[in-house]
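Participant: need a 3D model of the sequence below.
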Amino acid sequence: MATKIMLVDDHRIFREGLKALIESDSQYQIVAQANHGVEAVELAQEYLPEVAIIDVAMPQLNGIDATKRLLLKYPKMKIIALTMHSNRVFIEEMFRAGASAYLHKQCPFLELMQAIDKVIAGETYLSSDFDNIEIGDIVENEYSSASSVHAILTRRECEILQLLAEGNMTKEIAMSRNISVKTVEAHRQNIMKKLKINNLAGLTRFAIKQGLTTLDV
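Facilitator: Model (predicted):
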């Protein structure tokens, strides 16, 4: 039976091209495609993919938080980050979130297929582009983990921070997350208090530094 794979990336042409390449091997089947993390969580419930290939920087819900939400519901799912971003923060947070592999989009297609096979076999994989980074060091580095935004803010607060940094208005955020405007405002106040940042520009800079968004999503 073919391995079921979900593609999560906000560029449709890229997804379609990757789908064609992967499905050229009958061992694999693309069962779902998502534009962003929120949609990925919804589609996963319907299609139950065994592997999710996820971009890190996406609107609505980034790959880091999407990975956490997916693995919370489907702990056996394997997550592969496939992204243009080589910032160490992104790499560290993806592996801490539970990803099994991290590759650059400029990697050869054969390397991606090798990574898929490795994660299915229960192994981890980090692209040769990042050979100066050890996966074990990332997971075990308690100091770095404790200073992460994900250790300071709740999951919902991280989501709200990303949406604020991407320029979404309070009403838009409330509608997208099915919560009240007052709840969004309360989250914003809590975020500012916890981070000791009192303006949107500062929150945006912090969100970018922490890998929640790149503003080019």
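Participant: from I54, how far out is the residue nearest to M84 when sequence neighbours are not counted?
Facilitator: Distance criterion CB to CB, 6 or more residues apart in numbering; nearest residue to M84, sequence neighbours excluded, is K105 at 5.0 Å. The way it works is simple: take the backbone N, C-alpha and C, and place the C-beta from them, glycine included. Here the distance between K105 and I54 works out to 12 Å (CB to CB, to the nearest Å).
Participant: got it, and K4?
Facilitator: The gap separating K4 from I54 is 15 Å, by CB to CB.
Participant: next one: M1
Facilitator: Applying CB to CB to M1 and I54 gives a distance of 23 Å.
Participant: ok so, going back, K4 and I54: who's more crowded?
Facilitator: Between K4 and I54, counted using other CB atoms under 10 Å, the more crowded position is I54 (28 against 17).
Participant: list the buried residues of stretch 31-51.
Facilitator: 31-41, 43-44, 49-51 (16 or more other CB atoms under 10 Å).
Participant: buried residues in the longest helix along the chain?
Facilitator: Counting residues, the longest helix found in the chain (DSSP state H) is helix 181-195. Neighbour counts over helix 181-195 (16+ other CB under 10 Å) mark 184, 187-188, 191-192, 195 as buried.
Participant: ramachandran coordinates for N199?
Facilitator: Here is the backbone geometry of N199 (degrees, to the nearest 10): phi -150, psi 160.
Participant: check the burial of it by counting its neighbours.
Facilitator: Neighbours of N199 under the rule other CB under 10 Å: 9.
Participant: hey, what's the residue nearest to A40 when sequence neighbours are not counted bridged with?
Facilitator: Leaving aside its sequence neighbours, A40 sits nearest to A34 (CB to CB, 6+ apart; 3.9 Å). Here A34 sits in beta bridges with V8, going by DSSP bridges.
Participant: so what's A34 up against?
Facilitator: Residues in contact with A34 (CB atoms under 8 Å, 6 or more residues apart in numbering) are 6-9, 40, 42-43.
Participant: on that earlier part again, shared neighbours, K105 and I54?
Facilitator: Jointly contacting K105 and I54 under the rule CB under 8 Å, 6+ apart are L82.
Participant: quick one, domains of the chain?
Facilitator: When the chain is parsed with automatic domain parsing, its domains come out as 3-140, 148-209.
Participant: okay if I get those as JSON lines plus mean pLDDT?
Facilitator: Formatted as JSON lines, the domains of the chain follow (pLDDT from 0 to 100):
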{"stretch": "domain 3-140", "mean pLDDT": "91"}
{"stretch": "domain 148-209", "mean pLDDT": "91"}
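Participant: most tightly packed of those domains?
Facilitator: Sort the domains of the chain by mean neighbour count, taking mean count of other CB atoms under 10 Å, and domain 3-140 sits at the top with a mean of 18.
Participant: how much space between I80 and D117?
Facilitator: For I80 relative to D117 (CB to CB), the value is 11 Å.
Participant: residue ranges of the strands in the chain, please?
Facilitator: 3-8, 28-34, 51-54, 78-83, 101-104, 125-126 (DSSP state E).
Participant: got the contact list for the first one?
Facilitator: This means strand 3-8. With CB under 8 Å, 6+ apart, strand 3-8 has contacts from 15, 18-19, 22, 27-37, 39-40, 43-44, 47-55, 58, 63, 66, 116, 120.
Participant: equivalent analysis for the last one, please.
Facilitator: Counting contacts by CB under 8 Å, 6+ apart, the residues outside strand 125-126 that touch it are 80, 91, 100-103, 114-115, 118-119, 133, 135.
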